[in-house]
Structures are given as C-alpha cells and as structure tokens.
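> Got a predicted structure plus its sequence, pasted below:
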Amino acid sequence: MAKRDSSSRSQAPLARHEVLWCGHPVAIVLAETEAAAEDGAAAVDVDYDLLPPVLDPVAAMKPDSPLARTRKEGEVSEIDGGGAHASVSKDEEVEADEDLSQNVSDKAHFHAGNMEEGWREAEVVVEHTYKTSFVHQSYIEPQSITVAPGAPGQPMTIWASSQGMFAVRTDVSQALDVAERQIRVESVPIGGAFGGKFGLIEPLAAAAASAARRPVRLVYTREDDLLAGNPAPQSIISLKLGAKRDGTLVVMEGKVIFDSGAHAGSAVFLGGLILGSTYRCPNIDFRCYEVLTNKVSVGAYRAPGAPQATFSLESAVDELCRGLQIDPVAFRQKNGLKEGDPTLDHHQWPRIGLLECLEKVQEHPLWANRQQLKTAPADLEGWKIGIGLAVGGWPGGTEPTAAACRLEADGSITVIVGTVDLTGSDTSLSLIAAEGLGMSSETVNVVHDNTDTMPYSGGTGGSKTTYSMGPAVLAAAQDARNQILSIASEMLEAAVGDLEIEGDKVVVRGTPTRNVELSQIAGESMRFAGRYAPVYGRGRAAVRQSSPMYAAHLAKVAVDPETGEVRVLDYVAVQDVGFAINPAEVEGQITGGVTQGLGWALFEGLVYDENGQALTGTWMDYALPHIQDVPNITPVLVEIPSSLGPFGAKGVGEPPVVPVGAAIANAVFDAVGVRMTKLPITSERLFEAIH
C-alpha cells in the first residue's frame, strides 16, 4: 500500500511496528474458501514484545505517561470538526501549549465572557464528572466489501457496504497510488451503518485484490466488527454550572476528554461545541482533549459527540433546577437558545425549534400530569416511578450535490443521485422530485448507479442527505418539467403557461381533451429521427448554511430498589423536523434513534480488562436492547421550517439519540433520588449507588 506508514487507520490498516489494541489486524490471508483462509490465518506466527498498555485516558494525558503508540510530527485528528457529519467552524483561539503527553492528539478551547465575574454572580452551583462508554453502532450487516481488479486498461470495480461511494474511490486511489478514474465504485444496498461505515476496510481489500490480480471479498465476522470496528468514543466530562436565584444561567465550565482509542478521530471538538449549543450563557470555558489509548480506534456514531456531551449537560441542568427549585421546563425556556443568539463559533443562531419543542413537552400529559402518573402499576409493586426531561440537538451539515432527472419511454421518471439509500432517503427524494415535476411519486424511481456515471454527492450521514441533496433533486425535477412542457407546448400548439401535468399527461389548462401523454413526449425524443432533445433535467446545489435540529424528550421509568433494575415504561420524543416530507419515515427515524439511545443509557458499552483485552467480543457479551426493553415511543413532530431545506425540511436522523441517556438518568433520579453519572446505568451500578 502506498501509505502503509501513514497515521491514517484506513490507509495503513495492518500493524507494522506496533500492535495498538486487542483486535488490531496484523496480516491478511487470501484463499479460495473461507475455511482455507481461516486455516491460513491460524498458521500465521507472530512474535510479540510486550509493552505496557495505556488504558486510562486521564492518566495518558500526563507528560510522563507511556505512549499508546508512536506518533508522527504534525499528526492531527482525522475527523477535524466533525468531518462528514457536521458543518461547524473550528476557529477557537490559539493558546500556549499545555504540559501534556503526546497521547493528546487533538485539543479545542471554547471561551466567552469573564469566568471570574460569572462565578461571582452564580448563587447556585452544581459540579460533577460524567462518563460514557465506547458504544458500537451494531448495524445488522457487518463491514463487507468485494473488489474485482480490472482487465488491462479497465478500472477496478468495488462493491462496498459504505456510506459514501465517492469517498471510497478517493480512499482507494490514495492507498494504491492510482488515479481515481481507474476505480469504479458500484452502488449496493447497505444493512445499516449509523456512521460506522465511512472508510475502514476498503483500501485493504483493494490492495489485496490488486496484489492477487483476482477478485477479493472481505466480510467481517461479528467478533471482527466488535474488536476492530470504529465505535463511538468513551468520554469523561467534568462540568460545572452556575446560575442566579432567578434561574438565569450565568457561567459554564467544563473539561471534555474523549478516549479516541489507537487513532485520532473522535471529533472531540464537536463534543465541546455541543456543550455550548443549547443554552444562552455569557461566561463559558470548555477545554476539550482527544486522547490516544490502546483500545479500538473510534469513529462516528449517530450525532458524533452529542450523546456524550448532552448526557453531562442535561444531567447537570436537572440538578441545577432542583437546587434552584425551578421547574425544569421553565428553566430551559428561560435560558434556551433562540434565533439571533451568538454561537460558540462566533456566528448567530438561525431560526431553531428548541423553545417550540419545550412548549409541546409542557403540554404533554406525561409532563403535565406527572405527579399523578408516579404510582407504580400492580405488577411492579414496590418499584419507584420517575419521569425525566432532557433536550438536545445537532448542528446539521452541508455538502455540495448534483442530481439528474430523466424522462423514460414509458412516461416514468428516473432520478439519478450519488447518495446511498441508508435511511429511506430515496423515498423522500422521490417525493421531492414528484413535487417539482407536478407528478405522482409512484412514477418516480431513484437510482444510484456508480461513480463513473452518477452525479457527485458526499456521504450519507450527519442528517444532511435530504437537506443537501433535496435542493439538487428539486432543481433537476423542475428543469425536467420545463423541458417536458416546452416539448408539449409545440406538440399541442399552446403556451407553456397554459399547460400542466396531470397524471401521465400534459394537458391544456381548462381544456383537458387537448393533451399529450408523457410517453408520447418521450417517444418524440428517444427514437430515430426524433424531433426533440431527450428530457434530461440537471440540478446542482451547494447549501452553505446548516439548519440546526433540536429535540425534547420525556422518559418514564420504573426502578426496583432491591435489584437496581430499570424499566422504561413510556417515552415521548418531541422534535423540530422543519417540514416532514414523509411523516411516517420521520417518525420511524425518531423511534429508531430513541431505541438506540436506550442502548446508550442502560445496556451498551465495550469493556476491556486491566491488560487491554476485550471482554465484549460477541453480542452475547455486548448487551443490546431487546424488543421487550423498548417501551411505547410517541414521536411528536414540530415544524419550524428551514429557509434552505427542501420545502422547509431539516435533517432528522441525529437528534433522536441525543437526549435519551440524560432523560433516563434524570428519570432514575426522580424515582430513587440517586444521581447516576456513568452510562450505561446497569442494574449492578444502580444497586451499588442506592445501597
């Protein structure tokens, strides 16, 4: 591989001089069958010299700490400012170097106002340290790829379970040191990703196929995926908040540590940014550190950095409200961000729906009648009931996109895009195209093709697909519509302004008997000696400003004080979606995100022993929520339109997971009066805290 000495995990996927974590690949074996490959791998003999494992990120920051790995001069985080997932500005002030070890691979500092003045004003102060675990995306289909080397003069072809086809092409081009035109990436359906399939195994498989000059298929086992995937980073966040007696938040101070595992890439900057992106506060100081350890390298997972930051922030806010004896909704309404407030990265907030979400929460029976709802049902006699509130959001992302829209011979429409249909986005894009055309969505088919032929799009992730791709699709559809009406105008001898599309025909308004079928229009532009150019609409978009998304959640839990068991009985998720293009799909996204949040809150976490050996190598060991663990989830849609999204739509996929951990932790406190500061809240941890 051209960059086998790179600090990039995808460009240098095999261990060379150091094995960095339990699960770090050291060799790849090619064989005709899976069984033969396993036999070959078993025959590989590696001599190891033991090094002291670096496992505690706090200790790893100290100047005298052993190094988790040898770092190169100038090496920086691979996900600077959120990468493919969020659109933010990284312009925090540059400061003198701190006395830290080289295990600290990235830093950020957010500062506003005067901290001394803020603490003088504060009349009620809360302070805690909050921790979360490494959490795996747990997609159903593991990491997988097939690569076929091209014949002489022909491109290599790749079928990858990836969220970004153009990114795969770029990664492989760099790894093999070949031109991108020599690589073709085909679109394939994906069995889930949630941020975990942005460039991991593609260069390795491509290098193997190139070396062998034969097709290669690489599919991770579940153990491979848990040991060598790219989960969300573990976090340690120390947070201190101060407010006046009237409930005005006046000061926030925090130290954010993200355990990035063996490679940089935790987006710790986003964690710090999100800490300061919910409440208006004049005095802020957040110091953020990404730290390398001898654990699995991390990546993106649904709203990277936000669940960790929000768990700490909303837990602290809940405690602050209790200290102030102020209603938690009222505190958030008083201090919640609104349009025109300054952002941490020195801009202004656009119109956001945080306060509107809080209004819906305030009106919901689960909150309005919460005191009456705190009696345990008969089958849970002796259990304690609690109801918790948390809010959270996501800054959103943008990326330039293009789309094409083609009229087919049968009168149907084909929309060609470069995104991946990962979250039902094809359905939304077909609805957008249909609206732009003035046709039924049943006649619209969205296709993806390959990187040789499809228009450019960035990766599918960060709740930006519909938001960024939608405007390009709409423009392409409108362009195609104009071409259709122009042809029909000549065929019907009528002005374009007098025409409209009805069903499968173009009709003269007010005289429906004067019409021409779309298939006829296509026929005149798709045959020998045809009179018109084919209908082929083009659309491009470069939305430059994101539209932040917010959600407010309510959780009702039951806690058994005798065992520490927590059951979630009811859940309400209110979210500002801008405009729900496909309400059923939006509600499904919210329900799925909340379910994943239950995993963060109560079950999930990769575990390592004192020697760095992974103890959660299968789904028998790595606990996931089961269907019986998932309560009734009620999505409530708030529509505060974006001025930039298609028809006012915003992204949807990230916010549902963000407030869940805090909402459940706050509900647990409401039930038993114990503040849980570490996720997941397992029965063992809660039992020990109660007793």
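Received, thanks.

> residues in contact with stretch 616-631?
Residues outside stretch 616-631 that contact it (C-beta atoms under 8 Å, 6 or more residues apart in numbering) are 136, 138, 222-223, 226-227, 556, 567-571, 595, 598-599, 602-607, 615, 680. All C-beta spots, glycine's among them, are computed from the backbone N, C-alpha and C.

> how near is the nearest residue to residue 441 once chain neighbours are set aside to residue 506?
Counting by C-beta to C-beta, 6 or more residues apart in numbering, residue 434 is the residue found nearest to residue 441 once chain neighbours are left out, at 3.9 Å. Between residue 434 and residue 506 the computed distance is 15 Å (C-beta to C-beta, to the nearest Å).

> Of the two, give the one with the bigger neighbour count.
residue 506 (26 against 18; other C-beta atoms under 10 Å).

> ok, what's across the strand from the more buried one?
Under DSSP bridges, the beta-bridge partners of residue 506 are residue 501, residue 516.

> What pLDDT does the model give it?
pLDDT for residue 506: 97.

> Please apply the same query to the one 5 residues further on.
You'll see residue 511 listed with a pLDDT of 93.

> bridging residues for it?
The partner residues for residue 511, given DSSP bridges, come to residue 508.

> Adjust the sequence numbering to begin at 324 for everything that follows.
All right, first residue 324 from here; so that's residue 834.

> What's the separation between it and residue 491?
For residue 834 relative to residue 491 (C-beta to C-beta), the value is 52 Å.

> Those two: who's more crowded?
Between residue 834 and residue 491, counted using other C-beta under 10 Å, the more crowded position is residue 491 (26 against 11).

> and the more buried one, what element?
helix 488-499 (DSSP states H and E).

> what packs against that helix?
strand 479-483, strand 506-509, helix 525-535 (3 or more C-beta pairs under 8 Å, 6 or more residues apart in numbering; DSSP states H and E).

> Relative to residue 812, which of these is closest?
strand 506-509 (39.3 Å; C-beta to C-beta).

> quick one: the helix holding residue 491 to strand 479-483, angle?
130 degrees (axes from the mean of the first three to the mean of the last three C-alpha atoms, to 10 degrees).

> May I see the buried residues of helix 488-499?
Residues of helix 488-499 classed as buried: 488, 489, 490, 491, 492, 493, 494, 495, 496, 497, 498, 499 (neighbour count, 16 or more other C-beta atoms under 10 Å).

> need the helices and strands packed on helix 488-499 in a markdown table with mean neighbour count, can you?
Output for the helices and strands packed on helix 488-499, formatted as a markdown table (neighbours: other C-beta atoms under 10 Å):
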| stretch | mean neighbour count |
| --- | --- |
| strand 479-483 | 22 |
| strand 506-509 | 22 |
| helix 525-535 | 22 |
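
> can I get those in JSON lines with mean pLDDT and distance to residue 592?
Formatted as JSON lines, those follow (pLDDT from 0 to 100; distance: least, C-beta to C-beta, whole Å):
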{"stretch": "strand 479-483", "mean pLDDT": "98", "distance to residue 592": "28"}
{"stretch": "strand 506-509", "mean pLDDT": "97", "distance to residue 592": "29"}
{"stretch": "helix 525-535", "mean pLDDT": "96", "distance to residue 592": "26"}
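
> Now tabulate these in TSV and tack on distance to residue 615.
Shown next, in TSV, are the helices and strands packed on helix 488-499 (distance: least, C-beta to C-beta, whole Å):
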stretch	distance to residue 615
strand 479-483	27
strand 506-509	31
helix 525-535	21
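
> quick one: which of those is nearest residue 349?
helix 525-535 (12.1 Å).

> Output the contacting helices and strands for that closest one.
So helix 525-535, by 3+ C-beta pairs under 8 Å, 6+ apart, packs with strand 467-471, strand 479-483, helix 488-499, strand 539-542.

> returning to that earlier point: hang on, isn't the residue nearest to residue 764 packed against residue 766?
Yes: the pair residue 757 / residue 766 is scored as a contact, 7.4 Å apart, by C-beta atoms under 8 Å.

> any common contacting residues for the two?
residue 736.

> just to revisit the earlier point, ok, and what's touching the helix or strand where the residue nearest to residue 764 lies?
Take DSSP H and E as the rule and residue 757 turns out to sit in helix 748-760. Helix 748-760 has contacts (C-beta under 8 Å, 6+ apart) with 728, 736, 738, 740, 742, 763-764, 766-769, 783, 788-789, 792-793, 796-801, 803-804, 807, 824, 904-905, 908, 969-970, 972.

> From those residues, which land in strands?
728, 736, 738, 767, 768, 769, 824 (DSSP state E).

> Around the closest residue to the fifth one other than its chain neighbours, how many other residues sit close by?
So that's residue 768. Leaving aside its sequence neighbours, residue 768 sits nearest to residue 737 (C-beta to C-beta, 6+ apart; 5.3 Å). Taking other C-beta under 10 Å as the neighbour definition, residue 737 ends up with a count of 17.

> Verify the contact between residue 737 and residue 766 for me.
No: using C-beta under 8 Å, residue 737 makes no contact with residue 766, being 10.1 Å away.

> Name the single longest helix found in the chain.
helix 788-815 (DSSP state H).

> Next, the buried residues of that helix.
Under 16+ other C-beta under 10 Å, the buried positions of helix 788-815 are 788-804, 806-812, 814-815.

> returning to what we had before: CA atoms only for the helix holding residue 491, dumped as CSV, please.
Output in CSV follows, covering the C-alpha atoms of helix 488-499 (Å, rounded to 0.1, in the frame of the first residue of the first chain):
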residue,chain,number,x,y,z
MET,A,488,-19.1,5.9,-2.7
PHE,A,489,-17.0,8.8,-3.8
ALA,A,490,-15.1,8.7,-0.5
VAL,A,491,-14.4,5.0,-1.1
ARG,A,492,-13.0,5.9,-4.5
THR,A,493,-10.7,8.6,-3.0
ASP,A,494,-9.5,6.4,-0.2
VAL,A,495,-8.6,3.5,-2.5
SER,A,496,-7.0,5.9,-5.0
GLN,A,497,-4.7,7.2,-2.3
ALA,A,498,-3.9,3.8,-0.9
LEU,A,499,-3.0,2.3,-4.2
